[in-house]
Every structure is written in C-alpha cells, then in structure tokens.
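> Show me how the following folds:
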Amino acid sequence: MNDQSREFFDKAYAKLSEANKELYRPEEDIVSFLVCKNAQFAVENYLKGYLLKNGIDVAPYKTIDTLYKECVRINKRFEKVNLNEFTCQRIESGAKYCNEVPKVSHCFHAANHLDTFLREENVL
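Just a heads-up that it's a prediction; the model follows:
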C-alpha cells in the first residue's frame, strides 16, 4: 500500500473514531454536527484511499458521490455499501445540518459499514 493511500485510511479511521466517541456521550451532550462531519470525512477519506491504492488519481472526483461511483466502477462489490442514508454529502453550504441524533447515527453507521466492507475486502 502506498503512503498516500495509508494516510487517507488513517485519517478516515481517526474521524470514524471521533464520530463514535461523540455518539457514546449522553444524548443531550451529543454535538450532532461533529458526528455528521466526522462521518462525512471518514467516508470521503476511505473512498480516496481506496482509489489511490488502486492507482487512480482522486483529483477529478470532487464529491463523495463521484468518488463512490468510481469505486463501484473498479469493484462492483462496492454496491453492497449503502450510502443512501448518508445524506451529509448532499448538504450545500449554508444549509441546515443533521440535528437529530437518530439521523446522525445513520450517517455514522454508513461510514462504519464502509470501514467494515474495506476490512472484509482485505484493503485495511
């Protein structure tokens, strides 16, 4: 594995861990924005790491959707990863972020599912 892909995987895991830590706080203390953004960064970094590991330049892929579609193009098994409930990437600047714990919990689970998938594929 090249150093650049390892760096993205390490960042992704760190962000996933931060989101997880936040979710384990008492519900009234959870900062939902942190869970949402950390899950988003984890997914983005996992996808970039995967593409770099496969020799693909990630510069042309500006969104999580385009990164994901490229991952599916090179590995059809990525279709098992459901990012449909991961709606954070569709939020435009200035729009409301997920404010409810159940909603951000879905975002975290999507990121965690991607982590699990990459481990099952022996990528991580």
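> The spatially most central residue of the chain: which element?
Here the mean C-alpha position of the chain is nearest to the C-alpha of Val43 (Cα atoms, centre = their mean), at a distance of 1.2 Å. Taking DSSP states H and E as the definition, one finds Val43 inside helix 32-53.
> Look up how far Asp29 lies from the residue nearest to the centre of the chain.
The gap separating Val43 from Asp29 is 24 Å, by Cβ to Cβ, to the nearest Å. Backbone N, C-alpha and C define where each C-beta goes, glycine included.
> Show me the strands in this protein, by range?
Counting by DSSP state E, the chain has no strands at all.
> where exactly do the helices run in it?
Secondary structure of the chain by DSSP state H: the helices cover 3-23, 32-53, 64-74, 101-120.
> same for the helix holding Val43, what does it pack against?
helix 3-23, helix 64-74, helix 101-120 (3 or more Cβ pairs under 8 Å, 6 or more residues apart in numbering; DSSP states H and E).
> wouldn't Glu44 be in contact with Leu67 here?
Yes. Taking contacts as Cβ atoms under 8 Å, Glu44 lies within contact range of Leu67: 6.7 Å.
> Flag the shaky bits of this protein, pLDDT-wise.
In the predicted model, the chain carries pLDDT under 70 at residues 1, 85-100, 102.
> tell me the residue furthest from the middle of it?
Across the chain, with Cα atoms, centre = their mean, the residue at the greatest distance from the centre is Glu28 (24.5 Å).
> And that one, how close does it get to Val101?
For Glu28, the distance to Val101 under the criterion Cβ to Cβ works out to 9 Å.
> Ok, Asn84 next?
Distance from Asn84 to Val101, counting by Cβ to Cβ: 19 Å.
> more crowded one of these two?
Val101 (14 against 8; other Cβ atoms under 10 Å).
> Out of the helices of the chain, which is closest to Lys80?
Each of those was scored for nearness to Lys80 using Cβ to Cβ, and the closest is helix 101-120 (6.4 Å).
> That closest one vs helix 64-74, what angle?
Helix 101-120 runs at 30 degrees relative to helix 64-74, counting by axes from the mean of the first three to the mean of the last three Cα atoms, to 10 degrees.
> What residues sit buried inside helix 101-120?
When neighbours are counted by 16 or more other Cβ atoms under 10 Å, the buried residues of helix 101-120 are found to be 103-108, 110-115, 117-118.
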